[in-house]
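Asks: Provided below are the primary sequence and the corresponding predicted coordinates.
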Amino acid sequence: MNRSILILAEDSRCVGCEVRERGVCATLNVGQIGDMEAAVSVKRLNSGQILMLEGDSNDHVANVTVGRLKVYKSLPDGRTQLLRVLRPGDFLGAAFRDRTACTVAAITECELCILPRKALESLFERHREIEHAVMRQLEGELAEAQSRILALGRKTAMERVAGFLVDEQDHARTCGEQPDLLTLPLGRAEIGDLLGLTIETVSRCMTRLKKAGIIALEGGKSERVSVLDAGRLQELASAEAY
């Protein structure tokens, strides 16, 4: 590899990115990272700001580096259905579609690496590793969607809420955060929307978990959950035990 390219790449933003090992860039070497960085721009969003609107022309894809976003679809009667929460390292954008299928909005302040779709297609041709990484991300999204369908169809309300908290613990570990002290990215109404429950049902489940000594709750702008008994929470995520 050309030494000047190597030095340039090692000084780059992408090489020092904290989520590089969790995103589509994980399999790329330094030279390939430099090639991708040449086509990428950084976009910052405030909480509530829209990144993509359902039905828009699909001109760009993105990788989340900071913050969280929500993916949702609009229903004919004006309601919306929350489908997914995006976290650092997640890839978004329909790489193989001409139109966006969902709306994507920032939950918190966010930062994303934005890549024109045509540039991504060009990178696919030069670096098959990038195409493979994107396909793995899409396979992960499909598996996550299948798990959520199973939860909505077969699991009790308590199992769904416990499963949501266990998922938050898993993501906290991945990000190097404390899995026993969670700052929830969604309000209870949005958690209910994601899990197919009413806000009242989510609140009742949280209260039951608190009374059972499994979690402790702290209110505020973003609800904080201390997990006091991770083992029992994990049990509840798969089968209601009390």
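Replies: On my side now, so go ahead.

Asks: Test for you: state the pLDDT assigned to the spatially most central residue of the chain.
Replies: Closest to where the C-alpha atoms of the chain average out (C-alpha atoms, centre = their mean) is Leu86, at 2.1 Å. On pLDDT, Leu86 comes in at 90.

Asks: can you check Ile149 too?
Replies: Ile149 is assigned 71 on the pLDDT scale.

Asks: any idea which helix or strand carries it?
Replies: For Ile149, the host element (DSSP states H and E) is helix 128-154.

Asks: could you say what helices and strands the helix or strand containing Ala162 packs with?
Replies: According to DSSP H and E, Ala162 maps onto helix 157-174. Contact partners of helix 157-174 among helices and strands, from 3 or more C-beta pairs under 8 Å, 6 or more residues apart in numbering; DSSP states H and E: helix 128-154, strand 181-183, helix 188-195, helix 199-211, strand 224-227, helix 230-238. (Each C-beta comes from the backbone N, C-alpha and C, glycine too.)

Asks: quick one: contacts of the second one?
Replies: When you say that, I think you mean strand 181-183. Strand 181-183 is touched from outside by Leu165, Glu168, Gln169, Ala172, Ser222, Glu223, Arg224, Val225, Ser226, Val227, with contacts defined as C-beta atoms under 8 Å, 6 or more residues apart in numbering.

Asks: name the element Val71 belongs to?
Replies: Here Val71 is assigned to strand 69-74, by DSSP H and E.

Asks: Whichever helix or strand comes after that strand: how far from the chain's middle?
Replies: Elements were assigned by DSSP H and E; along the chain past strand 69-74, the next helix or strand is strand 80-86. Centroid separation for strand 80-86 versus its chain: 10 Å, with C-alpha atoms, centre = their mean, to the nearest Å.

Asks: Run through who's touching strand 80-86.
Replies: Applying C-beta under 8 Å, 6+ apart, the external contacts of strand 80-86 come out as 64, 68-75, 92, 102-104, 107, 141, 144-145, 185-186, 190, 193-194.

Asks: how big is the angle separating that strand from helix 157-174?
Replies: Here strand 80-86 points in a direction 30 degrees away from that of helix 157-174 (axes from the mean of the first three to the mean of the last three C-alpha atoms, to 10 degrees).

Asks: Okay, now the unreliable bits of the protein?
Replies: The model of the chain has pLDDT under 70 over residues 1-12, 15, 94-96, 148, 151, 153, 220-222, 239-242.

Asks: State the number of residues packed around Ala101.
Replies: As a burial measure, Ala101 scores 13 neighbours (other C-beta atoms under 10 Å).

Asks: Likewise for Asp167?
Replies: Per other C-beta under 10 Å, the neighbour tally for Asp167 reads 15.

Asks: ok, now which ones touch the residue nearest to Thr108 when sequence neighbours are not counted?
Replies: Among residues not flanking Thr108 along the chain, Gly67 sits closest, at 4.4 Å (C-beta to C-beta, 6 or more residues apart in numbering). Neighbouring residues of Gly67 by C-beta under 8 Å, 6+ apart: Leu45, Pro88, Ala106, Ile107, Thr108, Glu109, Cys110, Glu111.

Asks: what about the fifth one, distance to Met206?
Replies: Same thing as Thr108. 21 Å (C-beta to C-beta, to the nearest Å).

Asks: repeat for the first one
Replies: For Leu45, the distance to Met206 under the criterion C-beta to C-beta works out to 29 Å.

Asks: picking that back up, now the helix holding Ile149: how far from the chain's centre is it?
Replies: For helix 128-154, the distance to the chain centre is 12 Å (C-alpha atoms, centre = their mean).
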